[in-house]
Structure formats: C-alpha cells, structure tokens
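Peer 1: Sequence plus predicted model, see below.
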Amino acid sequence: MDKTLLFGAAYYPEYLPGERMDEDIDMMMSAGMNVVRIAESTWSTLEPEEGIFNFSYIDRVIEKTEAAGMMVIIGTPTYAVPPWLVKKDPDILVDTKDGRARYGYRQLINLLNHTYRNHAEKMLRKLAAHTADKKNVIGYQIDNEAKHHGNMGKEIQKLFLDYLKQKFITTDRFNDTFGLAYWSNSISSWDDLPDLKGCINGGLMSEFEKFQRSMAADFLKWQADIISDYKRSDQFITNNLGFSWKKFGAPIAHDGYSYGVQRSINFYEASQSLTLAASDIYHPTQDQLTGAEISFGGDVTRSLKDNNYLVMECQAQAFKYWTPYPDQLKLHAFSHLASGALGILYWNWHSIHCGYETYWKGLLSHDLKPNPPYYEACEIGKSWKKLSRKLCGLKKSNKVALIVDNHSMTAFEWFPIDKDLTYNDVVRWMYDSLYEMNIECDVVDINALDISKYKVIITPALYCITEEKLKILNDFVKDGGVLISSFKSFITDEYVKVFSDTQPHHLQECFGINCNQYTYPGTIRILGHPVKYLAELLIPDKAESLAEYEHKYWGNYSGITRHNYGNGVAYYIGCYTDKSVLKDIYKKAFADASIPVSELTWPVTIKNAISADNTQLHFILHYSSEEREFTCPYESAADLISEITYQKGDAIRLKDWDVLILEEKTLPEQ
C-alpha cells in the first residue's frame, strides 16, 4: 500500500442475494477501488456451531480480489456474538445500569466474561492464522467501533474495587477524596462498597467511567497482542474508532451524525495498541454539508499518533436526507485527504435487503446497479489513481492545539453546564469557529499534550485537571504561548472535587482574573450579542477586560479578558455567545501568536499540507451550492485536478461543491 491511496468499501457477500462476487469486483475495479474490508460482523457465519469453522467465503474474497490486484482488510468479528455462544453462557450479555442486555443487537457483550474471551480468542487465532499469509491482506481491524458497552457487572466492579484499594490504600483517604461523608456514603471497610449502579457521587462515578474506558482499551490491546502473534510486519492493526453521535430531525433509526468526543472509550488510550489510527466519520449532506465533521474527525484521528490515518467508514448514500448532491461525494473524499487521511472506505458497497440497517444505503442501491453515486465514485477513483503518489502520506504541521478530555465530558453528565448545552457542544463551538476561519489545528487529548509543538492552546470547558497539567499550562503561557480558555475550565481536580480557592484555580495570576459567581444569562448581552446558557462574573485583577456584560445588574463584570503573563498571553472567555464574538477573540489571539489569519472564510475552506515530494499543497474545498470567485493568494500554483496554473492576483472561479488542489512550485520559507 506504499504510496497508494486506499479507496474501497466494506463488502458483505454473505448478505447479498445470489452469487455476484465477480460482478461486484469488476464494478469496484471500474470505479478505481483497490481495497475491501470484510468479516467484522460474521461470527455466526464463520463459526455456525461451536468449534466448526468455515472460512470459505473469506477465501473466495481474498482469492478473487488478489486476482484483480485489490487489497483486503480483515475485521475481527468480536463485537457481534452468535446465538449459540449466548445460549452456552448467558452471562456473556453485558450487565448495565439498566439491567442485563437482551440478545439481538450488536455490542451487548461483557468484555470481561471468561466464556466470551475464550471463544473470541479461538476465533481470533483461527482467523489470523488462516489469513495472515495472504499477500493481499494488508491489515486487521480489531473489533468494531470499540466501547465499554456500559458494563457494570460483577467482574468489572470487582476489578474496580481492587483498583481503588491499590490507589487509595485506606478507606479514609478514599472517603475524603470523593467527599463520601455527604449523604452518609462513606465506608469503613472496603467490603462495604455498595453496588455502583445506585451511586450518586459524580466524582466516584466519573472515576468508574474512566476505569470502564480503560477496560475497553485493554480489550483492544488483548486483541492486538493475539493478532500480533500471526501478522506480518507489513500488516497494520487498527480499530475504526466511532465518535459520539448528534441527533437531529425525525426520530428514526441512525438519526444523527458523527459529532464529538466519545464517552465510552478514550481514543488516545485505545490508540496505544494500534499501529494505524482509523475512525468512522458520518456527517450531514445536501444543504447541511459544511465539512466541519470531516475536519473535526480527521483532526482528532490524525492527532492520535501524529500521523496519517484511515477513514474506515464514511457514507455514500445512507438515508434519504444524505443522498448526495452531484459532486458532493468528490468533495467528501478530497476533504478527508486534506486532513491527512490515507484513504476512505464506504459503508458499505451495497444496500442490504433485510435486517436492522436495511435503509442505510451503500454505494449501490437495492437494485445493485450503477447509479449516480457509483459514477461519481468512478471519477474519484480515476483522480486518486492519477494523484496517489502526490497525495498519499501528506504531512501537516499545525501550531494550534484544541484540547479534549473524556473525564471532563463525563463530569458534565453529572453536573451539566446547562440542560441544553453539552461538553461536545462547547468543543464544537470553539472548534467550528476555528474551522470557519480556516485556522487548522490538532485536536489533542489532555494526556497527550506536548506544549513544545504549539503556539496556541485552546481549552473548551476543561473542567477537571490535575495540578501537574495546570503547571504545564501556566508555564506554557509564561514561556511565550497563547492560551485561550472557556467558561467551566479548571474547576475541579482529577476526582471531580471542586477546588476550594477562588477560580480559576492555580491560574489566577496567569489569567489576571478571579471569579466566584456565575449566573444564568437571562437578558445579558455581550458586544451586542445574546449570552446563552451561562455567564461567569469575571473580576479582572490585572487583566484587560475585552468586553463587559450589557446588563443592569451584571454590567460591572467582565465576560471576556486578556492578560499579558510572562512572555505570553492568556484569554478567558466566561460565557457562551455568538461565534462572531469568539472569532474576533481568536483574531486577537492569533495576532499575539504571530499566526496569520486568512481573509478567506467558510464556505471556502483551505487545508494545507506538504506533499510526498515536498511541495506545498493548498486544498480549496467549496461547501456551497452557489458559485463564487476568489483571488489567488499564491505567487504561482497549479491545480492538480484541472492542471490549470494560476498566478497571484488571478481570479479563481469555484463552482458549487468544488475542489481544487493548488500546488506551489517551491516551499515557503520557514
């Protein structure tokens, strides 16, 4: 797969009516596709009875794709168990806060159950031994959109108790850390720890959910270790990490799209056992297509291993409101590459004729014949084949980091900012404003932050934080960095215990402010715009107030501040308001950091990268049904797609949903 963009689809011949594998592969080849993903949902097909394995359909796919010059990714089928296995041991079904799961749906497994692990290991070893030596098998996807499945069974609670004993040693220290004297929840013996299904202590339950996420990451490592016993050195191991889902529209199955940080697994922790980062990215289409979800998902996934990544699943048609307009599939595809993807696979090749996802349509519709999305995929395949050596393995070097934190996200489930504002809403408010300004960033887990790489760090609602991380941020600003933090940042320690000094804890001197009150905004405005959800009443000690609240009673307080601290600058945004206000703050902050801000803004999106042969590329992605024109800002650049060359000052015409890749002939001075 060196220097080859991956373009393909999930392929499920076991679901298809009749025998059409030869026809499917011919159609894929005609579309320029070079890879399929198989097997991740097929345990009951591969092992219809205990100990009876049948890999014949896998053999046929591998044999026929190899003859066609195509590659294969093997998915391990551990996320959907066969009925006979549950019959053998009903405790395989996960025990959640709502009780025992009932068989039928996927991802209803107790990942710690010994029966499940024993049979899963047999399957993994049989499958890996059977496929690892096939030369066109390029890698393994272990499990599918891995999560902890809400496990609150006896096994995980026992392991969590052992973890608490080791970490806190004494019950007194444990009680004090989480404030368990409240409502008489403290214990004098570890044996007295109650079933956590009834726990009302947000700090303790946030610690348990962190433990659940670690259990899910450990499960991936367990699988990776088994596959590593068989795989070749040139085969990768990945998991298609799935983002949190944002609901919209009518209440139907799969109503929503990839939106934000996943609560049920920590991506950074999970990625440690993977050799290649990958994710599933779904997004609104038609008139709701903005590109923000593609960009956010890509920036998260690329940042996990600071390297290129694979989009294991993305949409072709899916639902009625996702049927793409002409040229939108092409825009999707190149947008993924612009964020550093090595390629994309559609979910899936064909539309399924029965079952739960019958109307999640694939690239082909239910008649399995060529259609407009297929013909557009053919155009993508042709372009990618031509440009593979140029666009495969793009390098990106961003100077802005947006920090995300699963632990803060969990804490806000217990202590919401507002009933209508989630942690991911704040993350996307701050991320999308950057995106619309054409400011590229890495999206980095707080535990993976390397401050030496960045000029600007942004912390959306970083509610929970350790003293160590606070010192790192403080030193980052003191040494010349620019820090931009939102409301509800630096409120509690890592156990969700509120700091007992005036906020922001440890960073009062850095921000030059103090705050000990906040309020529902009501009629508050700031810089002429309404404030929504929350207003922190900031008191500038040394900081410059960039905006006071416009209100009869709260007008003496600041809502946004700026403070020179050491060699750097710290901004604090104490309220949620219109993105235009946030963008104005960003402009000031990026000027402080000497980071230029483009005059072009969304719906013209610019993504920058260094090509494999060390030239500067600028992806121009047009997210609009309207035509528009902009002036070429580069001295001389040629569009890799149309092969038209533009000089600085030339008018560049963009049609609806257009894509250009402008290549400068020389790299800019660093």
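Peer 2: Arrived safely, thanks for sending. Numbers count the residues shown, from 1 in each chain.
Peer 1: use CA for all of it now, contacts and neighbours both
Peer 2: Noted.
Peer 1: Which other helices and strands does the worst-scoring helix or strand of the chain on mean pLDDT contact?
Peer 2: The weakest-scoring helix or strand in the chain, judged by mean pLDDT, DSSP states H and E, is strand 244-246 (a mean of 92). Here strand 244-246 touches strand 257-260, going by 3 or more Cα pairs under 8 Å, 6 or more residues apart in numbering; DSSP states H and E.
Peer 1: can you list the residues that contact the strand it packs on?
Peer 2: 242-247, 281-284, 293, 297, 424, 427-428 (Cα atoms under 8 Å, 6 or more residues apart in numbering).
Peer 1: Give me the buried entries from those residues.
Peer 2: Buried subset of the contacts of strand 257-260 (neighbour count, 16 or more other Cα atoms under 10 Å): 242-245, 281-284, 293, 297, 424, 427-428.
Peer 1: Output these as TSV; include the columns distance to Tyr230 and secondary structure.
Peer 2: Converted to TSV, these look like this (distance: Cα to Cα, whole Å; DSSP: H, G, I helix; E, B strand; the rest coil):
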residue	distance to Tyr230	secondary structure
Gly242	26	strand
Phe243	30	coil
Ser244	33	strand
Trp245	35	strand
Ile281	30	coil
Tyr282	32	coil
His283	36	coil
Pro284	40	coil
Glu293	36	helix
Gly297	31	helix
Asn424	39	helix
Val427	40	helix
Arg428	41	helix
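Peer 1: for stretch 66-77, which positions count as buried?
Peer 2: 66, 70-77.
Peer 1: which ones are touching Ile446?
Peer 2: Contacts for Ile446 (Cα under 8 Å, 6+ apart) come out as 403-405.
Peer 1: Also Leu364?
Peer 2: By Cα under 8 Å, 6+ apart, the contact list for Leu364 reads 349-351, 370-371, 373-374.
Peer 1: Now intersect the contacts of Ile446 with the strands, please.
Peer 2: 403-404 (DSSP state E).
Peer 1: neighbour-wise, which of the contacts of Ile446 leads?
Peer 2: The most crowded member of these, judged by other Cα atoms under 10 Å, is Val404 (26 neighbours).
Peer 1: how near is that one to Tyr431?
Peer 2: Taking Cα to Cα, to the nearest Å as the measure, Val404 falls 11 Å from Tyr431.
Peer 1: Could you do Ser264 as well?
Peer 2: 21 Å.
Peer 1: what comes up buried for stretch 508-525?
Peer 2: Buried-residue list, stretch 508-525, by 16+ other Cα under 10 Å: 508-515, 521, 524-525.
Peer 1: before we move on, what about stretch 287-302?
Peer 2: Those would be 289-302, for stretch 287-302 by 16+ other Cα under 10 Å.
Peer 1: Enumerate every residue touching Val597.
Peer 2: Contacts of Val597 (Cα under 8 Å, 6+ apart): 437-439, 587, 590.
Peer 1: Can you tell me the SS state at it?
Peer 2: Following DSSP: H, G, I helix; E, B strand; the rest coil, Val597 is assigned to coil.
Peer 1: next one: Ile484
Peer 2: Per three-state DSSP, Ile484 ends up strand.
Peer 1: The least confident helix or strand of the chain pairs with which strands?
Peer 2: strand 257-260 (antiparallel) (DSSP bridges).
Peer 1: after the partner strand comes which helix or strand?
Peer 2: Sequence order places helix 267-271 as the next helix or strand after strand 257-260, per DSSP states H and E.
Peer 1: quick one on the thing from earlier: quick one: mark the members of the contacts of Val597 that sit in helices.
Peer 2: The members of the contacts of Val597 that map onto helices under DSSP state H are 587, 590.
Peer 1: Please tabulate the contacts of Val597 in a markdown table, including the columns distance to Tyr268.
Peer 2: Shown next, in a markdown table, are these (distance: Cα to Cα, whole Å):
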| residue | distance to Tyr268 |
| --- | --- |
| Met437 | 27 |
| Asn438 | 25 |
| Ile439 | 23 |
| Lys587 | 30 |
| Phe590 | 27 |
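Peer 1: looking at the contacts of Val597, which has the most residues close by?
Peer 2: Ile439 (23 neighbours).
Peer 1: Give me the below-cutoff pLDDT ranges for the protein.
Peer 2: Applying pLDDT under 70 to the chain flags residues 1-2, 248-255, 666-670.
Peer 1: Show me the domain layout of it.
Peer 2: Per the record, the chain has its domains at 40-235, 400-592, 604-664, by automatic domain parsing.
Peer 1: show me what contacts Phe243?
Peer 2: So Phe243 contacts 258-262, 279-281, 297 (Cα under 8 Å, 6+ apart).
Peer 1: Just the closest of those residues to Lys134, please.
Peer 2: Nearest to Lys134, judged by Cα to Cα, of the contacts of Phe243 is Ser279 at 24.7 Å.
Peer 1: That closest one should be in a strand, yeah?
Peer 2: Yes: with three-state DSSP as the criterion, Ser279 is assigned to a strand.
Peer 1: Residues touching stretch 130-139, excluding its own?
Peer 2: Stretch 130-139 is contacted by residues 1, 62, 65-66, 69-74, 230-232, 234-238 when judged by Cα under 8 Å, 6+ apart.
Peer 1: One more pass at 7 Å, please.
Peer 2: Outside stretch 130-139, the residues that touch it by Cα atoms under 7 Å, 6 or more residues apart in numbering are 66, 70-74, 230-232, 235-237.
Peer 1: Show me those that map onto strands.
Peer 2: Per DSSP E, the contacts of stretch 130-139 map to strands at 71-74, 236-237.
Peer 1: count of neighbours near Asp475?
Peer 2: 18.
Peer 1: hmm, I was thinking of Pro460
Peer 2: Residues lying near Pro460 (other Cα under 10 Å) number 27.
Peer 1: Same question for Asp89.
Peer 2: By other Cα under 10 Å, the residues close to Asp89 number 13.
Peer 1: any idea how far Asp246 is from Ala216?
Peer 2: I think there's a mix-up here, since residue 246 is Lys and not Asp. From Lys246 over to Ala216 (counting by Cα to Cα), the distance is 22 Å.
Peer 1: I should have written Arg102 there, sorry.
Peer 2: Taking Cα to Cα, one finds Arg102 at 20 Å from Ala216.
Peer 1: So which of these two has more stuff around it?
Peer 2: Using other Cα under 10 Å as the criterion, Arg102 and Ala216 rank with Ala216 on top: 24 against 13.
Peer 1: What sits closest to the more buried one if chain neighbours are left out?
Peer 2: Nearest residue to Ala216 in three dimensions, chain neighbours excluded: His148, at 4.9 Å (Cα to Cα, 6 or more residues apart in numbering).
Peer 1: And the contacts of Ile446, which is closest to Glu207?
Peer 2: The closest of these to Glu207 turns out to be Asp405 (Cα to Cα; 13.3 Å).
Peer 1: Secondary structure class of Leu310, three-state.
Peer 2: Secondary structure assignment for Leu310 (three-state DSSP): strand.
Peer 1: out of everything not next to it in sequence, what's closest to it?
Peer 2: Ala278 (4.6 Å).
Peer 1: And the helix or strand hosting Ala128, what's buried?
Peer 2: Taking DSSP H and E as the criterion, Ala128 maps to helix 114-131. Buried residues in helix 114-131, counted by 16+ other Cα under 10 Å: 115-117, 119-121, 123-125, 127-128, 131.
Peer 1: May I have that helix exported as PDB, CA atoms only?
Peer 2: As requested, the backbone C-alpha atoms of helix 114-131 are provided in PDB (Å, rounded to 0.1, in the frame of the first residue of the first chain):
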ATOM      1  CA  HIS A 114     -14.300 -15.700  30.500                       C
ATOM      2  CA  THR A 115     -16.500 -17.700  28.200                       C
ATOM      3  CA  TYR A 116     -16.600 -14.800  25.700                       C
ATOM      4  CA  ARG A 117     -12.800 -14.300  25.900                       C
ATOM      5  CA  ASN A 118     -12.000 -18.000  25.500                       C
ATOM      6  CA  HIS A 119     -14.200 -18.300  22.400                       C
ATOM      7  CA  ALA A 120     -13.200 -14.900  21.000                       C
ATOM      8  CA  GLU A 121      -9.500 -15.900  21.300                       C
ATOM      9  CA  LYS A 122     -10.100 -19.200  19.500                       C
ATOM     10  CA  MET A 123     -11.800 -17.200  16.700                       C
ATOM     11  CA  LEU A 124      -9.100 -14.600  16.600                       C
ATOM     12  CA  ARG A 125      -6.300 -17.200  16.300                       C
ATOM     13  CA  LYS A 126      -8.100 -19.300  13.700                       C
ATOM     14  CA  LEU A 127      -8.900 -16.200  11.600                       C
ATOM     15  CA  ALA A 128      -5.400 -14.700  11.900                       C
ATOM     16  CA  ALA A 129      -3.600 -18.000  11.200                       C
ATOM     17  CA  HIS A 130      -5.900 -18.500   8.200                       C
ATOM     18  CA  THR A 131      -5.400 -15.100   6.600                       C
END
